[in-house]
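A.B. asks: I need the structure of the sequence given here:
(one chain, ligands or ions: 2)
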Amino acid sequence: MAADSQDLPEASIQNILDQDSLKWVFVGGKGGVGKTTCSSILSILLSRVRQSVLIISTDPAHNLSDAFQQRFTKTPTLVNGFTNLYAMEVDPTVENEEVGGPDGMDSLFSELANAIPGIDEAMSFAEMLKLVQTMDYSVIVFDTAPTGHTLRLLQFPSTLEKGLAKVMSLRNKFGGLMTQMTRLFGIDDEFGEDAILGRLEGMKDVIEQVNKQFKDPDLTTFVCVCIPEFLSLYETERLVQELTKFEIDTHNIIINQVLFDEEDVDSKLLRARMRMQQKYLDQFYMLYDDFHISKLPLLAEEVTGVEALKAFSPHFLTPYKPSAANYTVEELEQKVSTLRQRLQDAEAELERIRKGKQKA
Ligand SMILES: Nc1ncnc2c1ncn2[C@@H]1O[C@H](COP(=O)(O)OP(=O)(O)OP(=O)(O)O)[C@@H](O)[C@H]1O
Ligand SMILES: [Mg+2]
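C.D. replies: Residues are numbered from 1 along each chain as shown. Ligands and ions are numbered 1, 2, ... in the order given. Here you go, the predicted model:
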């Protein structure tokens, strides 16, 4: 099988642990494929080789708390049981609510925000990055929201630049109107037009700096998480193309929820799904032969809590082997005889059907 060939990149995320120049590690993919699980485990593994690690969730649905079974906030909190692993959950939409003033002003702001899609999110993302940069973590892992959303965030430097230009032109067009409105509604200067403009301008430096860092493969990489199904393959390809367009490095793919052939899988449904998965696995290997592709087994239970995350983490480093590989001679003999019996049954069934057909 292609996966076993010698010349392929190593089938693990070891390369990320080894690359000690890395500062930003994004983990993204379609909804529900295992982004939070993978980014959490990656941060745990990184905490063993790096001085200090911060994992940030930018998904409004915040599931780091679920994964680690610990409540996190928008300030970095030490993860229980670790001395150098911190977690925080930022809400990309919260900024807008905080700005909200009296009713009339709210609609003015939302109109402004609508005029520049994504501006509020981009602003709070930039502000968060600015904050995080001053904190001096060795490496920062992002558990991102499902694909579309992530790509929007990565576009934020250009979003902000466009936003700035638009606000400037609005300002020129309407002159002091906005300032008057601000006074009329008795809005604090802190929320006034100038303040917003100032903040936008202040962000420019951070944006430029971060933009440069995100495009530097020594500092930044993007780990794509997926499952062996059509939609996920499709989404991964779209993601990889977009990342290439934004010049963001990516060379790791984690294929999660893989059904391994555990010999004793009896269910026809599971066998059928395995065949389906194999088809997409083959395509992943074909399309991404220059990527480090890791496969993770689908477990019977969820992966929540530090212990479960730790227990799952070895699969990130050593390719998973179905349990058949660990059987004793006696167990294998038993299996062979069961399989032989099953084969005989199937042959008898086939014979019966053939005979039936001949009669008909
Ligand atoms: N290999 C696996 N085997 C069994 N359960 C898994 C596996 N990987 C993840 N899970 C479970 O599946 C659920 C979804 O995983 P996770 O939250 O990591 O996905 P996500 O991509 O972050 O989802 P979302 O898009 O909603 O943020 C979780 O309950 C997690 O514990
Ligand atoms: Mg998640």
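
A.B. asks: what about the residue lying closest to Val79 once chain neighbours are set aside, neighbour count?
C.D. replies: Once flanking residues are discounted, Val79 sits nearest to Leu85: 4.6 Å by C-beta to C-beta, 6 or more residues apart in numbering. Yep, even glycine has a C-beta here, placed from its N, CA and C like the rest. Leu85 is flanked by 25 other residues according to other C-beta atoms under 10 Å.

A.B. asks: what sits against the residue in the stretch 151-300 of the chain that ligand 1 sits nearest to?
C.D. replies: The minimum distance from the stretch 151-300 of the chain to ligand 1, using C-beta to the nearest ligand atom, falls at Leu299 (3.6 Å). Residues in contact with Leu299 (C-beta atoms under 8 Å, 6 or more residues apart in numbering) are Phe312.

A.B. asks: need the phi and psi values for it.
C.D. replies: Per-residue torsions, Leu299: phi -90, psi 160 (degrees, to the nearest 10).

A.B. asks: swap in Arg342?
C.D. replies: The phi/psi pair for Arg342 (degrees, to the nearest 10) reads phi -60, psi -40.

A.B. asks: count the residues that sit near it.
C.D. replies: Neighbour number of Arg342 under other C-beta under 10 Å is 11.

A.B. asks: likewise for Val141?
C.D. replies: Residues near Val141, counting by other C-beta under 10 Å, number 30.

A.B. asks: helix, strand or coil for it?
C.D. replies: Here Val141 is strand, with the state taken from DSSP: H, G, I helix; E, B strand; the rest coil.

A.B. asks: packing partners for the strand or helix carrying Ile16?
C.D. replies: Taking DSSP states H and E as the definition, one finds Ile16 inside helix 14-18. Under the contact definition 3 or more C-beta pairs under 8 Å, 6 or more residues apart in numbering; DSSP states H and E, helix 14-18 sits against helix 35-49.

A.B. asks: quick one: mean pLDDT for the helix it packs on?
C.D. replies: Averaged over helix 35-49, pLDDT sits at 97.

A.B. asks: export the helix holding Ile16 to CSV, keeping only CA atoms.
C.D. replies: This file holds the C-alpha atoms of helix 14-18, laid out as CSV (Å, rounded to 0.1, in the frame of the first residue of the first chain):
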residue,chain,number,x,y,z
GLN,A,14,6.8,14.4,14.8
ASN,A,15,8.0,17.0,12.3
ILE,A,16,6.0,19.7,14.1
LEU,A,17,7.5,18.7,17.4
ASP,A,18,11.0,18.8,15.9
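
A.B. asks: just give the closest residue to the closest residue to ligand 2 within the chain, not the sequence neighbours.
C.D. replies: Nearest residue of the chain to ligand 2, counting by C-beta to the ion: Thr36, 3.3 Å away. Distances taken as C-beta to C-beta, 6+ apart put Asn63 closest to Thr36, at 4.5 Å, once the chain neighbours are dropped.
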